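> 3D model of this:
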Amino acid sequence: MSPNPLQISQLGSEKLIPDDTDLIPIQQADGITRRISKANLLANYAPIEEASSGSQIIHIQHTASSGGGSGGKQSTQWTPRPLNTINIDQTGEVILSSNTITLPPGTYICDAIGQFYDCGLLKTRLQDVTNGLTLGRGYFTYTNWGNLMYLIPLKAVFTLTGITNIQFQYFQAGGTYDGASNMGVGWGYPGVPEVYADVLLTKVG
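Predicted coordinates:
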């Protein structure tokens with residue numbers, strides 16, 4: 001059975017490079033099918049490993065040893081979410097200290113998420129603490145519904161013009177606090193670390 005032809009609006013001129021006999025059928029917009037070698041088809045495309053997107057990944061977490069507590073709360077004020085582990089820093093410039101992330105200038109896409117347990121009314125934000133600016137806001141959530149743990153996401157796109165300190169912050173009111181697991185309840189499986197929060201930053205400019 002012949003493979004389904006690839007449809008394209010315009011094929012253009014075919015290069016004649018007789019070094020690849022693995023021909024691929026390509027159907028043009030007018031319905032005519034032509035065949036072109038794999039080498040010729042890929043000649044105008046840079047390999048993925050050679051393409052430079054210019055983006056750099058930064059991955060930060062709040063982790064603990066198996067069964068380790070996640071921490072308590074600060075009532076009715078914006079409070080930095082615990083963060084203690086840099087997994088990836090492709091910029092080589094990120095600093096993590098006292099739950100504060102220091103970033104170099106640039107444009108970033110942020111995808112963050114954190115666990116919360118029995119914290120009452122809850123809101124999250126990504127805060128530029130150097131300049132007193134809010135870079136992004138998470139969803140408002142009510143976290144008192146039974147013995148449930150909540151994963152609250154936050155997404156943002158922002159530009160920093162200089163070296164800047166940011167925090168993944170939360171604000172809560174109400175709730176029944178145990179002071180040990182309000183930032184997430186540990187699994188406690190032997191040898192498996194706990195992960196209570198993730199902050200993934202992609203520096204795109």
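> so is residue 68 in a helix, a strand, or just coil?
Following DSSP: H, G, I helix; E, B strand; the rest coil, residue 68 is assigned to coil.
> Could you list the low-confidence segments of this protein?
Applying pLDDT under 70 to the chain flags the ranges 1-53, 75, 145-146, 175-178.
> just the helices in it please.
38-41 (DSSP state H).
> so what are the domain limits for it?
Following automatic domain parsing, one gets these domains for the chain: 6-50, 56-203.
> could I get these as TSV with mean neighbour count?
C-betas here are computed from N, CA, C, even on glycine. Putting those into TSV (neighbours: other CB atoms under 10 Å) gives the following:
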stretch	mean neighbour count
domain 6-50	11
domain 56-203	17
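> how close does residue 153 sit to residue 111?
Using CB to CB, to the nearest Å, residue 153 is found at 8 Å from residue 111.
> ok, now residue 205?
Residue 205 is 17 Å from residue 111, by CB to CB.
> Okay, now stretch 79-91: how far is its last residue from its first?
End-to-end distance for stretch 79-91, by CA to CA, to the nearest Å: 27 Å.
> Give me the contact list for it.
Residues from elsewhere that reach stretch 79-91 (CB atoms under 8 Å, 6 or more residues apart in numbering): 56-63, 70-71, 73, 94, 96, 98-101, 104, 114, 124, 167-171, 183, 196-197, 199, 203.
> Please apply the same query to stretch 164-176.
73, 75-81, 83, 99-103, 105, 112, 114, 116, 118-131, 135, 143-144, 154, 182, 197, 199.
> please redo it, this time with the cut-off set to 7 Å
73, 76-81, 83, 99-103, 112, 114, 118-130, 135, 143-144, 197, 199 (CB atoms under 7 Å, 6 or more residues apart in numbering).
> Among those, which ones are in strands?
Counted as lying in strands by DSSP state E, out of these, are 79-80, 100-103, 112, 114, 121-128, 135, 197, 199.
> contacting residues around residue 187?
Counting by CB under 7 Å, 6+ apart, residue 187 touches residue 194.
> With residue 159 instead?
Neighbouring residues of residue 159 by CB under 7 Å, 6+ apart: residue 107.
> Just list whatever residues bridge to it.
residue 107 (DSSP bridges).
> Test my guess that residue 59 contacts residue 200.
Yes - shown here, residue 59 and residue 200 form a contact pair, counting by CB atoms under 7 Å, at 5.4 Å.
> Contacts only, for the closest residue to residue 133 other than its chain neighbours.
Leaving aside its chain neighbours, residue 133 sits nearest to residue 127 (7.4 Å; criterion: CB to CB, 6 or more residues apart in numbering). Counting by CB under 7 Å, 6+ apart, residue 127 makes contact with 78, 134-135, 166-167, 169.
> As a markdown table, those residues with distance to residue 191 would be great.
Converted to a markdown table, the contacts of residue 127 look like this (distance: CB to CB, whole Å):
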| residue | distance to residue 191 |
| --- | --- |
| 78 | 36 |
| 134 | 39 |
| 135 | 37 |
| 166 | 33 |
| 167 | 31 |
| 169 | 32 |
